[in-house]
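1. After the sequence you'll find the predicted model.
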Amino acid sequence: QLENLEAQFGKRPEPPPKAKKEDDKDAKADEDEDEGRVDHRKMKADVRKRSVETRLDLIEQEVWPVDPNYSLRNKEGSLSLVKYWLVRMLRKLDLPARHIWIRGLARGIAIYHTGLSKPYRDLVETMFRQGLIQMVMSTRALSVGVNMPCKSVVFLVDSQFIDPVEYRQMSGRAGRRGFDVTGCTVFCKMPLSKIARLTLSPNAPLIGASALTIDSVLRALTLYHMAHDKAAVRRCVERWFVLPTTRAVSKAQSDVTEYCDPTIALRFSIELLFRMRAIDASARPIGLSGIIAHNFEVFPANYSFTYLVMAKAFEADVKPYLPGSGATEKDRVAACRKIVSVLAYMIGRVYVQQQQPQLAAATLAAATDADQQTAAEPAKTLETPPAHVMDLLKHFNDVVNSCVDDVNVVEKQTPASLTALKDLAPRLALVPGSKLNSYALDFFDHKSIVDVIRYNHMLDNVAYNLLKKFTSVVRKLSLSVQKLTKDPSLDPFARAMNDMANRYHHAFTSVAYSL
């Protein structure tokens, strides 16, 4: 074929030989000159630099000078104090000189939240500390981790996210020690009852988390048997034995602290897990240990729930989910309600207070007659679980207590160290349902956050956060059961847990938060 093409069109002409350069440097210079190469990176840098200089000059000449009568900015403030941060923002953000953010800064007004770009937030923080900004409209992102002391803090609207901790963090910006003698806090569009509870509620106790717990032991055993580098897991576990990790505080003398020996705590954890059939004789996790390990945040309910599942406490309640049972929707809802009732008894407990907290006189005067009548009624309480469930929970506590006693007989601990070991044990306090608030079960029945707030005597943010946590926990429990079941589509308990979790999650996400 090549010969036919050459015969038809002639041979392909040979390319002309390249001229040899005597000097490589001259050859490279000729090639650059011939090809007309340009350093585009340098050109872009020059264009960006000229753009920043142009915008900076425009800001200094036209935007920054404003009428003092229409500005909150400090009159003595100069742009040179924050010129570096302004140039940094202009380089990183392609903002025009007359952008609303820059015009607001020129008048001493700024905004601050996590959705804004960091160069702008850095400029706001610097200008505020220099006294160039007098007003910052912010979310709770300004409450923690930012050094911006001020004289007054204003809460413009009410929110379910404002709790006593958030309130103290936000109001703590006003009257910072070393800057002001006093600080002011202003509330707008917030009920007086909530203001009273936010300001009068005690501080939450700060308790350090223990590194060595029965949950951490189970997770370490799981990681050890699944990891390829077992030496790395052993090095992590060895840190538990360096410092005391389990604390016991005497109720009579709150300043006296005793620690449990980590070796004893580890021995107790392994012994209890073995008695619960969560690990085998070689300390390998087996059975339903995944439910315990994946739901450690609800300790000790994760152990109690696992024990109930192992004892088949819900076998009679989940019969409507048997394949071919012919159960109706009403039967399935009733089955889900029974599971929610037991979970509400163990998870997210809120004890019913014997007396309502005394509020300020202005708070009671501002409340309506209906609110006063509702507040005078006792909060709704929880139903006590069935007798067979309570018997199983009592038996589980007996197993835990016997394990504590056996370890104590072998180790012969001091009373204070024994108290620390008992605090480590996953015992669930068995109290009558009449002492527990029924917010979780009531929400499943009525699917109304407003009714939970009103009839269960809860703050809006407290009810919202508790229901949010309860929803997350039941979904995690359902997922754990699904993963540990051989065939979730045929197992009635797995189907019931999945249906219950989906119903609760749908109810929580579909109900709008409004009072």
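-> Structure received.
2. need the strands for this structure, in chain order.
-> 109-112, 135-138, 152-155, 184-187, 246-249, 257-260 (DSSP state E).
3. what's the least confident stretch among those?
-> Note on the strands of the chain: lowest mean pLDDT is at strand 246-249, with a mean of 44.
4. I'd like to check which residues are in contact with residue 300.
-> 425-428 (CB atoms under 8 Å, 6 or more residues apart in numbering). Just so you know, the C-beta spots here come from the backbone N, C-alpha and C atoms, and that holds for glycine as well.
5. Excluding covalently adjacent residues, which one is nearest to residue 128?
-> residue 148 (5.1 Å; CB to CB, 6 or more residues apart in numbering).
6. Quick check, the one you found in contact with residue 127.
-> No: counting by CB atoms under 8 Å, residue 148 stays clear of residue 127, with 10.2 Å between them.
7. Give the residue from the two that has the larger number of neighbours.
-> The neighbour count for residue 148 versus residue 127, taken as other CB atoms under 10 Å, is higher for residue 127 (23 against 16).
8. quick one: contacts for that one?
-> Counting by CB under 8 Å, 6+ apart, residue 127 has contacts 82, 85, 105, 110, 133.
9. can you check residue 144 too?
-> residue 169.
10. Equivalent analysis for residue 287, please.
-> So residue 287 contacts 277-278, 310 (CB under 8 Å, 6+ apart).
11. give me that answer again for 10 Å
-> By CB atoms under 10 Å, 6 or more residues apart in numbering, the contact set of residue 287 is 276-280, 306, 309-310, 484.
12. Of these, just say which sits nearest to residue 186.
-> Residue 186 lies nearest to residue 306 out of the contacts of residue 287, by CB to CB, at 49.7 Å.
13. related to what we said a few turns ago, what about the contacts of residue 287, which are in helices?
-> Counted as lying in helices by DSSP state H, out of the contacts of residue 287, are 306, 309-310, 484.
14. which two from those residues end up farthest apart in space?
-> Greatest spatial distance among the ones in helices among the contacts of residue 287 (CB to CB): 310 and 484, at 11.3 Å.
15. what residues do those two have in common as contacts?
-> Shared contacts of residue 310 and residue 484, defined by CB under 10 Å, 6+ apart, comprise 287-288, 291.
16. Same list (these) but as a markdown table, adding distance to residue 222 and pLDDT.
-> Listed next are the shared contacts of residue 310 and residue 484 as a markdown table, based on distance: CB to CB, whole Å; pLDDT from 0 to 100:
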| residue | distance to residue 222 | pLDDT |
| --- | --- | --- |
| 287 | 12 | 90 |
| 288 | 13 | 92 |
| 291 | 12 | 93 |
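17. Look up the closest residue to residue 190, ignoring the ones flanking it.
-> Per CB to CB, 6+ apart, closest to residue 190 is residue 158, 4.4 Å.
18. cool, and residue 295?
-> Sequence neighbours aside, residue 302 is the residue nearest to residue 295 in space, at 4.2 Å (criterion: CB to CB, 6+ apart).
19. so how far is residue 390 from the one you found?
-> Per CB to CB, to the nearest Å, residue 302 is found 18 Å from residue 390.
20. which one of these two has more residues nearby?
-> Using other CB under 10 Å as the criterion, residue 302 and residue 390 rank with residue 302 on top: 25 against 16.
21. separation between the more buried one and residue 333?
-> 26 Å.
22. Equivalent analysis for residue 391, please.
-> In this structure, residue 391 and residue 333 are 26 Å apart, going by CB to CB.
23. now do residue 508
-> Distance, residue 508 to residue 333, using CB to CB: 16 Å.
24. who's more crowded, the two?
-> Set residue 508 next to residue 333 and count neighbours by other CB under 10 Å: residue 508 wins out with 19 against 15.
25. Leaving out chain neighbours, which residue sits closest to that one?
-> Nearest residue to residue 508 in three dimensions, chain neighbours excluded: residue 471, at 4.6 Å (CB to CB, 6+ apart).
26. Who are the contact partners of that neighbour?
-> Applying CB under 10 Å, 6+ apart to residue 471 gives the contacts 440, 443, 501, 504-509.
27. mind redoing it with 6 Å?
-> Going by CB atoms under 6 Å, 6 or more residues apart in numbering, residue 471 touches 504-505, 508.
28. Kindly report the same for residue 485.
-> The contact partners of residue 485, by CB under 6 Å, 6+ apart, come to 491, 494.
29. one more time with 8 Å, if that's ok
-> So residue 485 contacts 491, 493-494 (CB under 8 Å, 6+ apart).
30. Any chance of CSV for the residues you listed, columns distance to residue 239, pLDDT and neighbour count?
-> As requested, the contacts of residue 485 are exported to CSV (distance: CB to CB, whole Å; pLDDT from 0 to 100; neighbours: other CB atoms under 10 Å):
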residue, distance to residue 239, pLDDT, neighbour count
491, 40, 93, 20
493, 39, 95, 19
494, 38, 95, 21
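31. Now tabulate those in CSV and tack on distance to residue 385.
-> Below are the contacts of residue 485 laid out as CSV (distance: CB to CB, whole Å):
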residue, distance to residue 385
491, 22
493, 16
494, 21
